[in-house]
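1. Quick one: sequence plus predicted model below, questions after.
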Amino acid sequence: MTTPLRLSVLDLIPVRSNQTSADALAATTALAQRADDLGFSRYWVAEHHNMKAVASTNPAVLIGILAAQTQRIRVGSGGVMLPNHAPLVVAEQFAILEAAFPGRIDLGIGRAPGSDPVITSYLRMTGTTSDVDAFPRNVSDIRSLMHPEGASLQLPSGQVYELTATPRAASVAELWLLGSSDYSARLAAAQGMPYVFAHHFSGQGTERILGLYRENFVPSEQLKKPRTFLTLNVAVAATAAEARAAALPQLQQMARLLSGMPLGPLATIEQAAATELAAPQQQMVDDMAERWVIDEPVAAAARIRALATKFGVDEVMVTPGLSAHDADAANTSPARVRALELLAEQLLA
């Protein structure tokens, strides 16, 4: 018998060249609803700023929209970039989301800024943000503030000040630590938190980092044993050729990003097919395509199962990296929807 596998989705809410932000959000809402119908476990949205091809800028707002349009699936952040935000504000946002959608909210927290240095500097100049070095304390503060009993502050006068993220919380959003380094793995282990390594971002060092997390894990009130899952970039279609064509726009976009080239909206399948990259960028595309799962359904499912076994996980979170055809309606993403359907047929049936 095959090992049971849970599937989840990570969505950056891509904006194609023929889409507005409203179109992209409509397409993502439909994708989340389909994932809900198909039996996917979670639907997470990212936090990225000032990118013409990404509409996922504010996880808390997006989670409220998507949770209201779905019925069962857990909805969360992958993740909230904590240095951009005051811990109390994050705790309040996710406490009220959990109150509105009990048992369905995940708070994934990351330490990176989620943007370029200019945007990071602007966020720090124009709002209350936190020092990256204060990250461990801020994570602990959020856990305490969201707890039904809240937290206590010791004022300079000696007075104890009681503080909670929301009054009379009946349940708490599930808190996850996200990362791509030894630092995040050690912190998650020390605080007894569930942890996700960004395998989809680099594909390097995953086995070592997860081993580090598991070996150093300290049980907590929240979690008694290590808990993690695997993140993968995927493009699945009826044929391997169709999958490669649909993935090419995102692969080209990533090559431009890694090369420091200007970025525009995500190309359509036809636009990408007509684009020629310089040799260094084309090599990046070829290398990334090897790391992604780009294939027809049976082969894609077999590779996903093999990777889940290799890394010792029973849940895989996929980023459906497929674009659309010129003729597809702007407020839809048919290839991404079909990719989830094909994966569900192979892995969730």
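-> Structure received.
2. Residue 77 and residue 230: what is the separation?
-> 18 Å (Cβ to Cβ, to the nearest Å). Where C-beta positions appear, they are placed from N, C-alpha and C, glycine not excepted.
3. of the two, who's got more company?
-> residue 77 (29 against 22; other Cβ atoms under 10 Å).
4. Could you check how far that one is from residue 105?
-> Taking Cβ to Cβ, one finds residue 77 at 9 Å from residue 105.
5. Overlap in contacts, those two.
-> Common neighbours of residue 77 and residue 105, using Cβ atoms under 8 Å, 6 or more residues apart in numbering, are residue 63.
6. which ones are touching the residue nearest the centre of the chain?
-> Centroid-nearest residue in the chain: residue 78, 3.0 Å away (criterion: Cα atoms, centre = their mean). For residue 78, the contacting residues are 10, 44, 45, 46, 59, 108, 178, 196, 317, by Cβ under 8 Å, 6+ apart.
7. cutoff 6 Å now
-> 10, 44, 46, 108 (Cβ atoms under 6 Å, 6 or more residues apart in numbering).
8. same deal with residue 247?
-> 235, 294, 321.
9. any idea what it is structurally, helix, strand or coil?
-> Under DSSP: H, G, I helix; E, B strand; the rest coil, the three-state class of residue 247 is helix.
10. What distance do you get for it to residue 228?
-> 26 Å.
11. any idea which helix or strand carries the residue in the chain sticking out farthest from the centre?
-> Going by Cα atoms, centre = their mean, the residue of the chain most distant from its centre is residue 157, 42.5 Å out. Here residue 157, judged by DSSP states H and E, is contained in no helix and no strand.
12. Could you do residue 70 as well?
-> Counting by DSSP H and E, residue 70 is part of no helix or strand.
13. nearest residue to it other than its sequence neighbours?
-> Nearest residue to residue 70, sequence neighbours excluded (Cβ to Cβ, 6 or more residues apart in numbering): residue 36, at 4.2 Å.
14. Averaged pLDDT, the helix or strand the one you found falls within. What do you get?
-> With secondary structure defined by DSSP H and E, residue 36 is part of helix 21-38. For helix 21-38, mean pLDDT is 98.
15. counting contacts, what elements does that helix pack onto?
-> Applying 3 or more Cβ pairs under 6 Å, 6 or more residues apart in numbering; DSSP states H and E, one finds that helix 21-38 contacts helix 334-347.
16. Give me the angle between the helix it packs on and helix 21-38.
-> 20 degrees (axes from the mean of the first three to the mean of the last three Cα atoms, to 10 degrees).
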